[in-house]
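Peer 1: Quick one: sequence plus predicted model below, questions after.
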Amino acid sequence: MSHTLAALSAAAPLAAGWTVHGLWQRRQIDRAGRDTLTGLPRRDAFEHSAARMLRKPPRGVVAVLVIDLDGFKQVNDVYGHAAGDAAIRETGRRLAQWAEPLGTVARLGGDEFAAAIRCSDTETLRGELTHLHQWLCSTVTYDGLPLPLGASIGAYQHTTGRPAELSAVLRVADEAMYQVKQTAGGWALTRSLTPTYRTVNGRRDGRRGTANDILQGGS
């Protein structure tokens, strides 16, 4: 009995050490999958969750959003990159709080974000889009100064029983976002998976990263 107790006593610190090590590993893996500035999931983690939501039979309405800040370049140019970082962090905080009961959200890069949410019906979804847009357009301050920011949101509403690839969904949500961005921001909702813009290098013509965008010097 004494030998057994001694063995268990010796093993206890080792087991505790492995438990701590396992927690540390899980935290490191979780951090690696998150954006360092906002703490939001990165694109890979978001795509995994969003694709799973699209594959499941919808309980109510599933929507995928692309969100782009309006006036972000001006904030960086006038107030500096520290102010731009503050704006991105605050946007990430608001998006995370908004999406927590609804689904998932991620930073795609720069001032662009994405979300996948589930709502009870279309009317509720429209209300959520209006609420989100108003919140993202409310004042963000840096060093006591209000930053002139807005937001453009494009959303694709998933139709029950219709298969949808996430890449196609993100493409049409991006197009909806781009359309409202041309008219001073807001939000737009589409149910069509048919792109309306020309494709360049597999992306919407004029989008950052396409050949035409590089020739034009970006936006």
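Peer 2: Yep, that arrived.
Peer 1: Direction included, what does the host helix or strand of F113 pair against?
Peer 2: Assigned by DSSP states H and E, F113 falls within strand 112-119. Strand 112-119 has the following sheet partners, assigned by DSSP bridges: strand 61-70 (antiparallel), strand 103-109 (antiparallel).
Peer 1: and the first one, what's its mean pLDDT?
Peer 2: Confidence for strand 61-70, expressed as mean pLDDT, is 96.
Peer 1: C-alpha coordinates for it, CSV please?
Peer 2: Extracted C-alpha coordinates of strand 61-70, given in CSV (Å, rounded to 0.1, in the frame of the first residue of the first chain):
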residue,chain,number,x,y,z
VAL,A,61,-32.3,31.8,-42.2
VAL,A,62,-28.5,31.6,-42.7
ALA,A,63,-26.6,34.6,-44.1
VAL,A,64,-23.0,35.2,-45.0
LEU,A,65,-21.8,38.8,-44.8
VAL,A,66,-18.8,40.8,-46.2
ILE,A,67,-18.2,44.1,-44.3
ASP,A,68,-15.8,46.8,-45.4
LEU,A,69,-15.2,50.1,-43.5
ASP,A,70,-15.8,53.4,-45.3
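Peer 1: following it, which helix or strand comes up?
Peer 2: Where DSSP H and E defines the elements, the next helix or strand beyond strand 61-70 is helix 72-79.
Peer 1: residues of that following helix that come out buried?
Peer 2: 72, 75-76, 79 (16 or more other C-beta atoms under 10 Å). In short, each C-beta sits where N, CA and C put it, glycine included.
Peer 1: Show me what that helix is packed up against.
Peer 2: helix 81-99, strand 145-147 (3 or more C-beta pairs under 8 Å, 6 or more residues apart in numbering; DSSP states H and E).
Peer 1: ok so, going back, okay, the strands paired with strand 112-119, which one's buried deepest?
Peer 2: Counting by mean count of other C-beta atoms under 10 Å, strand 61-70 has the highest mean neighbour count of the strands paired with strand 112-119, with a mean of 24.
Peer 1: what angle separates that one from helix 72-79?
Peer 2: 30 degrees (axes from the mean of the first three to the mean of the last three C-alpha atoms, to 10 degrees).
Peer 1: quick one, strand 61-70 and helix 81-99 angle?
Peer 2: Using the same axes, to 10 degrees: strand 61-70 against helix 81-99 is 160 degrees.
Peer 1: Please enumerate the strands of this structure.
Peer 2: Listed in chain order, the strands of the chain (DSSP state E) span 61-70, 103-109, 112-119, 140-142, 145-147, 150-158, 186-190, 199-200, 203-204.
Peer 1: Is it possible to get JSON lines of those that adds distance to H48?
Peer 2: Output for the strands of the chain, formatted as JSON lines (distance: least, C-beta to C-beta, whole Å):
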{"stretch": "strand 61-70", "distance to H48": "13"}
{"stretch": "strand 103-109", "distance to H48": "9"}
{"stretch": "strand 112-119", "distance to H48": "10"}
{"stretch": "strand 140-142", "distance to H48": "30"}
{"stretch": "strand 145-147", "distance to H48": "33"}
{"stretch": "strand 150-158", "distance to H48": "17"}
{"stretch": "strand 186-190", "distance to H48": "23"}
{"stretch": "strand 199-200", "distance to H48": "25"}
{"stretch": "strand 203-204", "distance to H48": "21"}
